[in-house]
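Engineer: requesting a structural model of the entry that follows:
(chains A and B)
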Amino acid sequence: MAAFAAARSSRGVLSAIKASFNTFANVKHGLAVAPIAQSHLLQHARWYSVSHLSVHERIDRKRNAALVGGGQKRIDAQHKRGKLTARERVELLLDPDSFVEYDMFVEHRCSDFGMEEDHNKFPGDSVVTGQGRINGRLVYVFSQIMDQAMMVGAPVIGLNDSGGARIQEGVESLAGYADIFLRNVLASGVVPQISLIMGPCAGGAVYSPALTDFTFMVKDTSYLFITGPDVVKSVTNEDVTQEELGGAKTHTAVSGVAHRAFENDIDALLNLRDFFNFLPLSNRDPAPVTECQDPSDRLVPGLDTVVPFETTKAYDMLDIIQGVVDEREFFEIMPNYAKNIVVGFARMNGRTVGIVGNQPKVASGCLDINSSVKGARFVRFCDAFNIPIITFVDVPGFLPGTSQEYGGIIRHGAKLLFAFAEATVPKITIITRKAYGGAYDVMSSKHLRGDVNYAWPSAEVAVMGAKGAVQIIFRGKTNQAEQEAEYVEKFANPFPAAVRGFVDDIIVPSTTRKRICRDLEVLASKKQTNPWKKHANIPL
Amino acid sequence: MAAYMITPTLQRVLLSAKHVSFQSRYCVVAGRARYSVVYDASEKVMKTCRKMGIKTVAVHSDVDANAVHVKMADEAVCVGPAPTNRSYLNMDAIMDAIRITGAQAVHPGYGFLSENKEFAKRLAAEDVVFVGPDTHAIHAMGDKIESKLLAKAAKVNVIPGFDGVVENVEDAVKIAGQIGYPVMIKASAGGGGKGMRIAWNDDETREGFRLSSQEAASSFGDDRLLIEKFVDNPRHIEIQVLADKHGNALWLNERECSIQRRNQKVVEEAPSTFLDPDTRRAMGEQAVQLAKAVKYSSAGTVEFLVDSKKNFYFLEMNTRLQVEHPITECITGLDLVQQMIRIAKGFPLVHRQEDIPINGWAIESRVYAEDPYKSFGLPSIGRLSQYQEPISLPNVRVDSGIQEGSDISIYYDPMISKLVTYGATRAEALQKMEDALDHYVIRGVTHNIPLLREIITNPRFISGDITTNFLPEEYPEGFTGHRLTPEGRRELLATAAALYISAQLRSQRFMGNLRVSTTSQEQSQWELQVELEKKSHLVSLSRSGSSFTVEVDGGSVEVSGEWNLASALLPLSINGNPRVLQCLSRDATGQITLQYLGTQFKLRVLSRLAAKLTGHMPEKVPEDTSSILRSPMPGSVVAVSVKPGDMVAEGQEICVIEAMKMQNSLIAARAAKVKSVHCKAGETVGEGDLLVELE
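Structural biologist: Residues are numbered from 1 along each chain as shown, chains lettered A, B, ... in the order given. Down below sits the predicted model:
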C-alpha cells in the first residue's frame, strides 16, 4: 500500500512526504489541497516582477491551481473521511494571515504509469510547505524547509497524512525519505520537532515521526505502521485491523510510539498551538516565560494531607503536580503509556518546566523498562531545550522479576539514570514519600547534580522498606516486629538523608510551590557544562 | 460568668461528632468531623469549649487523623479504622479514650452515639458527664413507638397510625390497609430519612418494608419498623427546646425544614413564614409539655408536621444538638452548645420564655457532595482539589469540617458544610445566600450548589408557599439546573467569549522574549462562534482595556472584569451589574465550563474558521446506554437480583447499591435478557462502573 509522495523542488531541495492524503488507489487523481484565503497567500508569496506576460499568466494559473489542490472532489472526499485538507489544517494551526508558503510550484516529475499526463499533475503536489507564527512565534510547517528552520532556530511541525511512497516514482521516493530522515536527525536537539499524524502513515514514512521529539495522533483517522494489515496477514497470518495494528490507542497505550492522541483534526491542531507555547524556539533560546496570574507564593493546603499515613496506600501524583503548577495546567506527555511515571510540561510563575513524577497509583510508582525509557526521553528533551526539570519522587524501587530482567531493565533503567545525570538544566527534586534503593539515586538525586533537593516530612530515604530490610538484616531472628519498628524509627524518615546533606531541606508540603518558584528564579542563570565529547554514549 | 465557674470540673470535654449521615446521627466522642462529612459539630463544640476555658479531646478514625476537628482539639485519640462501626460507633474504644485522657465529660455531637442510651449508661457508670439528656429521655424519645405514646399522654397532637412494631410483610400490608394509603414505613430506631419509605399501594408497601428493614438493620442495628398515616402536602416545622435538670424548659422558636429530598433536609430557615404567633406559641407549649413529661434536660428538638390549616402533629423528638441549630442561634442570640454544657453541669436556665426573641432571619443550606441531577442528589466522592468558603462575606457562617485536600469517601455522610446566612429580613438573608453560593468554590467533587441556588431563587420558595414535596412538585421531571432566560443566555455567551479572548491574548504575551513577531499588533475585534446547549451563536467582540462589548443574539452585552485566569472566582460587571461567575475548566480547544447562577454550563468557543470546519469532523458514536447498567454513584453492592440468561421486565430491579447508608434499587431500562453480570454482592463499585449488560 505504499505510495511515495515526494517531489523535487526547482531549488533542488527535496520536498517530501508529509501532507499528502492519497492512498495509492487515488494517487492517479493527484492531490487534494483546499483553497484558503487566497488573497493572503498571494500577498505573502515571494515573487519578483516578471516582465514577460505569458510567464506572468502562467504563474497566476499555476498558483490558483495550487490553491485548489486536487480539486473540489478531493476536498470533499477528505472532508467525508472526517479530515481537513492540508491548507485548512495550516490555517487553523497558525495565527491568522501569518502563513508564508514555499514551493507552491513543485510538481511531481514522475513519468511512468500515466503519471506524466497533465491531469495527474498538480502544482504544490503532495505537500504544503512554509512558515508562519503561533501566538506570534515563528514555526516552520513540514519538513523540507528544515535547513532554514535550523538556521533561523525555529521549531518544525509536520502534519502527516500520506499514503506513503509514490510507488510510481521508484527509488527517487526512497531517496526523498532518507533526505528527510537525515534532516530530522541533524535538527534533533537544535530545534523542537513535532509530528502530528492526521491520516495514514505507513512504510518508511513512519521513521520521520519516530525521529522527531513528539508524535501526536488523531483518534480514529490516523495510523502508523511499518506494514499494513494485509502484509501482516500474509507474513504472520495474524488477523488485525488498521486501528488495532497502528491506531492512536495502540501507539499511545501499548507501543509508546505516539505521545498523545486527540479527538479530531480541529482538537489536535488547537492543542498543538497550546503545546507549542511551552516550547523554546531552539536550543539557543531560553524556556519561554508567559504572563502569570497565579501567585508564585501561593500556599497549597491540600498538599499537607495528600500523602496517606499508611505507607502502602496509593495516592495520585497528579494531585500534587496540579496543585503546585500555575493554574493547575499540566500538559501530560504519554498519559496512557507506562503510567507508573508521569511526565509533562507545566509552568511555574510563567516559566516552562518539565515535570517528572513517580505515580504511586500505578504499580506503586516503581520504575520498570517502559517507565524508564519514557522518563529518560522526556528528561533529555528538557535538557536539550533549556527547560528546568522538577522531579517528584515516590519510588519503591525497580520492578523485580524475570520479564523485567530478561527485557533488560538494567540497560533501560540506565537510560533514565544517564539522562538525569547528564542534564545540566536546573534540577529541583521533591521527595514526597519513598525514595528507596537505586531508584532513589536515579530520580534526580543530589548525587546526580540535583540543584535543590527537598523532602516532605513523609519522606523515607532508605535502601529499602522496613519489612524487607529487617528480613535480610535479621534473617532467622524472632523479634522481627520489634526490629522493624526500630528500622522505621531510624530510617523511614527524611532525617538520615538530611543530616548528610542529601536533601537540602525538609519542607512543609503546602509551601512546595513557593519554594520551587523561588529556586527557579535563582537557578535561571545556572551555567553548567559537561566535559567536551563528540557525543555521549547513552545505553540505547 | 457561669461558663467560668464550671471550668474546674469540666476541664476536658470529649467531643465527638463525626457524622456520618446527618440522619443517622451518631455521635461520638470527641469532635470529629472530617472527611466527607463533616459537620462541624465538633468544631462548633470546640469553639464554644475554648470560649468557656474547657479543654477538648477529639476522637477520630485513622483516616481522619488530619481532620479539622482533630487539629482544633487540645488532644486527639484514634479510635479505629474508617468504617464507623469500628471507630465512631465503637463504644469500647471511645470509653478507653475517655479513660486515657481523663476526660470528665462527653459531648456527643450530632450523630453517631448522640442518641445511644447504652453509651449514656456506660458514661454514667464511669462517672463521666454526658452533655445531653439523661438515658431515660434518650430511651423514651429514641424509640418512635414509645415516644408517640408518651406524646399522646402529654397531650401533644399525634398523627393517626399504628402504635406497635410491624411483624412481617403481610402484617405491614394489613396495617397499611387499615390506616389507609398513603402510609409511611419507617425504622423504629432510626431518624431522618434512613430506613424510611412512603407507600401508595400494597406492592410498594412490600418493597418498602423489605428495603427499610435492611437499611434499618445496617444503619441502626435494629430492623423494627412502624407504619403511620402519611400526611400529604405537609410542612416540616420543628421547635427547639432547652430544658434544665430543675424542671425548667423553654422553647426557642421554630425552624422551617420543609425543603427536603428523600426525607432529608436541604434548606432550612428560622423563623417560618407560615406560623402566626398563636400557632408558634401552641407548638412551643406542646413541645415544652413533652420535654417536661420525659424529664428532659439539655437541648432538644421536637419535630412537627403542619398541614395547610396549621394543624400540627408530633413527629418525633431528637435528643441531641441538631445540624440546623445555627439558624436558631442566629435569631435568638443563644449559644446552644454553651447552654448544653451549663445544663449538663446542673445549672438552671438563665433565660425566661419572654427573653427569647426572634431577631431577623436566618437561612441554612446544606451543601452536599452529591449530584443534584440524579434524584435531587446522589452521593459523589472525590478529593477536594480546591475549596474556598465564602466566609469573607458579612453575615455568612460556614460550619464544615473539611478543607482543601480532604477526601469525600463512601464511609460517611456526604455533607460538605452548613452554609448559614443572616439578615434583618428574609429577603436580605436570601440575597446573602445567593452571594455566598456564588462565592463558594468547590472543585473535585460534584456538589448540590446548583440545586440550592435554584431553590432560594424559586418564586414559590420566595413567597413562602412550600411543603415537604416542594422539590418533586417544582421539578416533576427531576432537577435539570438553571433555565437560562434569553438575557441570561446572552450574558453567559458574552462572558465565555470574553474569557476566551482574554486567555488568547495572554498566551501571546511572552516575557522578555525578543523573538516574538513585532508586526502583529494586539487585535481588538473578533468574530467567534460560541456553542451552548447544542446551539451555535455568532458572537462579535470588541475590546477596550479590560472591557468587552459583545454583540450576540441581536443584543449587546458589556462585560468587564479583571480577567484573572488563575482565580477560581470571576467577579465581573455585566451591563453594569455585579455578577460572580466561576470558571471550572478551560482548555486549548475552546471548551469552557462556567458556573453561572449556581449551575454549571459547558460552552465551546471557536474562531469562525474552526467553527466552519467543525462540521467536517466525524461524530463519535456514543455508547448505547439502554442495554447497559452502570453504577450511578460510588458505593457497595448489596444484592444482585439477576444472573446471565435471566429475562428482566422494564423497571425490574437488577441490583441494589448502598452508598452513604442509603440503599438504591437499580432497575432495567427495558425488557431484555441479561447478557452478563459484572458485579457481585459485597463488592465496592465506583461511579460509572459497568454492573450489568443486557442483550
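Engineer: what bridges to B:Cys583?
Structural biologist: B:Leu594 (DSSP bridges).
Engineer: now for it, how many residues are close by?
Structural biologist: Other residues lying near B:Cys583 total 20 when counted by other C-beta atoms under 10 Å in any protein chain shown. For every residue, glycine as well, the C-beta is placed using N, CA and C.
Engineer: residues touching it, list them.
Structural biologist: If a contact means C-beta atoms under 8 Å, 6 or more residues apart in numbering or on different chains, then B:Cys583 has B:499, B:565, B:568, B:570, B:592-595 as its contacts.
Engineer: so for the longest strand along chain B, mean pLDDT?
Structural biologist: Counting by DSSP state E, the longest strand found in chain B is strand B:249-261. The predicted model assigns strand B:249-261 a mean pLDDT of 94.
Engineer: elements contacting it?
Structural biologist: Under the contact criterion of 3 or more C-beta pairs under 8 Å, 6 or more residues apart in numbering or on different chains; DSSP states H and E, the helices and strands touching strand B:249-261 comprise strand B:235-243, strand B:264-270, helix B:277-293, helix B:325-332, helix B:470-474.
Engineer: need those in JSON lines with mean pLDDT, distance to A:Gly357 and mean neighbour count, can you?
Structural biologist: Below are those laid out as JSON lines (pLDDT from 0 to 100; distance: least, C-beta to C-beta, whole Å; neighbours: other C-beta atoms under 10 Å in any protein chain shown):
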{"stretch": "strand B:235-243", "mean pLDDT": "95", "distance to A:Gly357": "50", "mean neighbour count": "25"}
{"stretch": "strand B:264-270", "mean pLDDT": "93", "distance to A:Gly357": "40", "mean neighbour count": "26"}
{"stretch": "helix B:277-293", "mean pLDDT": "95", "distance to A:Gly357": "58", "mean neighbour count": "19"}
{"stretch": "helix B:325-332", "mean pLDDT": "93", "distance to A:Gly357": "42", "mean neighbour count": "24"}
{"stretch": "helix B:470-474", "mean pLDDT": "93", "distance to A:Gly357": "44", "mean neighbour count": "18"}
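Engineer: right, and these - which one's nearest A:Arg500?
Structural biologist: Nearest of those to A:Arg500, taken as C-beta to C-beta: helix B:325-332 at 53.0 Å.
Engineer: quick revisit: quick check, distance from the longest strand of chain B to the centre of its chain.
Structural biologist: Centre-to-centre, strand B:249-261 and its host chain are 16 Å apart (C-alpha atoms, centre = their mean, to the nearest Å).
Engineer: partner strands of it and their direction?
Structural biologist: strand B:235-243 (antiparallel), strand B:264-270 (antiparallel).
Engineer: export those strands to TSV and tack on distance to A:Leu94?
Structural biologist: Converted to TSV, these look like this (distance: least, C-beta to C-beta, whole Å):
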stretch	distance to A:Leu94
strand B:235-243	63
strand B:264-270	52
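Engineer: residue ranges with poor pLDDT in the chain?
Structural biologist: I went with chain A, as the question did not name one. Counting by pLDDT under 70, chain A has low-confidence residues at A:1-53, A:65-70, A:103-127, A:143-145, A:163-170.
Engineer: you looked at the wrong chain, it should be chain B
Structural biologist: Regions of chain B meeting the criterion pLDDT under 70 cover residues B:1-42, B:109-115, B:163, B:190-194, B:410-412, B:513-514, B:518-521, B:622-625, B:660-662.
Engineer: what's next to the longest helix belonging to it, contact-wise?
Structural biologist: The helix of greatest length in chain B, counted in residues with DSSP state H as the criterion, is given as helix B:486-506. The contact list for helix B:486-506 (C-beta under 8 Å, 6+ apart) reads A:290-291, A:293, B:482, B:484, B:522-523, B:526, B:528, B:530, B:532, B:537, B:539, B:541, B:543, B:548, B:550, B:552-553, B:555, B:557, B:559, B:563, B:565, B:570, B:572, B:574-575, B:579, B:581, B:583, B:586, B:590, B:592, B:594, B:596-597, B:601, B:603, B:605.
Engineer: just the CA trace of that helix, in PDB.
Structural biologist: Below are the C-alpha coordinates for helix B:486-506, written out as PDB (Å, rounded to 0.1, in the frame of the first residue of the first chain):
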ATOM      1  CA  PRO B 486     -32.700  35.000  26.800                       C
ATOM      2  CA  GLU B 487     -30.900  37.700  28.700                       C
ATOM      3  CA  GLY B 488     -29.100  35.200  30.900                       C
ATOM      4  CA  ARG B 489     -28.000  33.300  27.800                       C
ATOM      5  CA  ARG B 490     -26.500  36.400  26.300                       C
ATOM      6  CA  GLU B 491     -24.700  37.200  29.500                       C
ATOM      7  CA  LEU B 492     -23.300  33.700  29.600                       C
ATOM      8  CA  LEU B 493     -22.200  33.700  25.900                       C
ATOM      9  CA  ALA B 494     -20.600  37.100  26.200                       C
ATOM     10  CA  THR B 495     -18.700  36.100  29.300                       C
ATOM     11  CA  ALA B 496     -17.400  32.900  27.700                       C
ATOM     12  CA  ALA B 497     -16.300  34.700  24.600                       C
ATOM     13  CA  ALA B 498     -14.600  37.500  26.600                       C
ATOM     14  CA  LEU B 499     -12.800  34.900  28.800                       C
ATOM     15  CA  TYR B 500     -11.700  33.000  25.700                       C
ATOM     16  CA  ILE B 501     -10.200  36.200  24.200                       C
ATOM     17  CA  SER B 502      -8.500  37.100  27.500                       C
ATOM     18  CA  ALA B 503      -6.800  33.800  27.500                       C
ATOM     19  CA  GLN B 504      -5.900  34.000  23.900                       C
ATOM     20  CA  LEU B 505      -4.300  37.400  24.400                       C
ATOM     21  CA  ARG B 506      -2.400  36.300  27.400                       C
END
